[in-house]
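Visitor: Below is the sequence, then the predicted model.
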Amino acid sequence: MEKNRTRITILGEDFLIRTDKSAEYLEKIINLLNSKIEKIREMTGIQSALRTAILAGLLMAEEKMEDSPARPESDDEEISAITKKLISDLDTLIES
């Protein structure tokens, strides 16, 4: 599937990313993240972009885990590989 280049803004920072997802889908993700960031800021008063992004990510991960059935430990290697691939992809995108 062809990857589209899309510019997004999170916490005032612009990112150019490549994705095979639709613009509408990506917009939903960004809106969800931004709403979590705003919720963290309202709850804690923290204004640091880095801290609020980390806390929003943790909040979203916790919500995902609560919604998902428990994964067997055998999936840990697959999760680790996917995470490393995503980090590598993000590093490549940030450098470009």
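Guide: Sure, I can see it. What you see is a predicted model, and the numbers here were worked out from it, not measured in a lab.

Visitor: pLDDT weak spots in this structure?
Guide: Applying pLDDT under 70 to the chain flags the ranges 1, 69-76, 89-96.

Visitor: can you give me the strands for it?
Guide: Remark: strands assigned in the chain by DSSP state E are 4-10, 13-19.

Visitor: Tell me how far the closest residue to E2 other than its chain neighbours lies from A53.
Guide: What sits nearest to E2 in space, not counting adjacent residues and going by Cβ to Cβ, 6 or more residues apart in numbering, is D20, at 6.9 Å. C-beta here means a position set from N, CA and C on the backbone, and glycine is covered the same way. Separation of D20 from A53 (Cβ to Cβ, to the nearest Å): 24 Å.

Visitor: For these two, indicate the residue with more neighbours.
Guide: A53 (17 against 9; other Cβ atoms under 10 Å).

Visitor: Nearest residue to the more buried one in space, please, no chain neighbours.
Guide: Distance criterion Cβ to Cβ, 6+ apart; nearest residue to A53, sequence neighbours excluded, is L11 at 6.2 Å.

Visitor: Is it correct that the one you found is in contact with A56?
Guide: No: counting by Cβ atoms under 8 Å, L11 sits too far from A56 to count as a contact (9.4 Å).

Visitor: which of these two has more neighbours?
Guide: Relative neighbour count places A56 above the other of L11 and A56, with 22 against 13, counting by other Cβ under 10 Å.

Visitor: What residues does that one make contact with?
Guide: Residues in contact with A56 (Cβ atoms under 8 Å, 6 or more residues apart in numbering) are 33, 36-37, 39-40.

Visitor: I appreciate the help and will end here.
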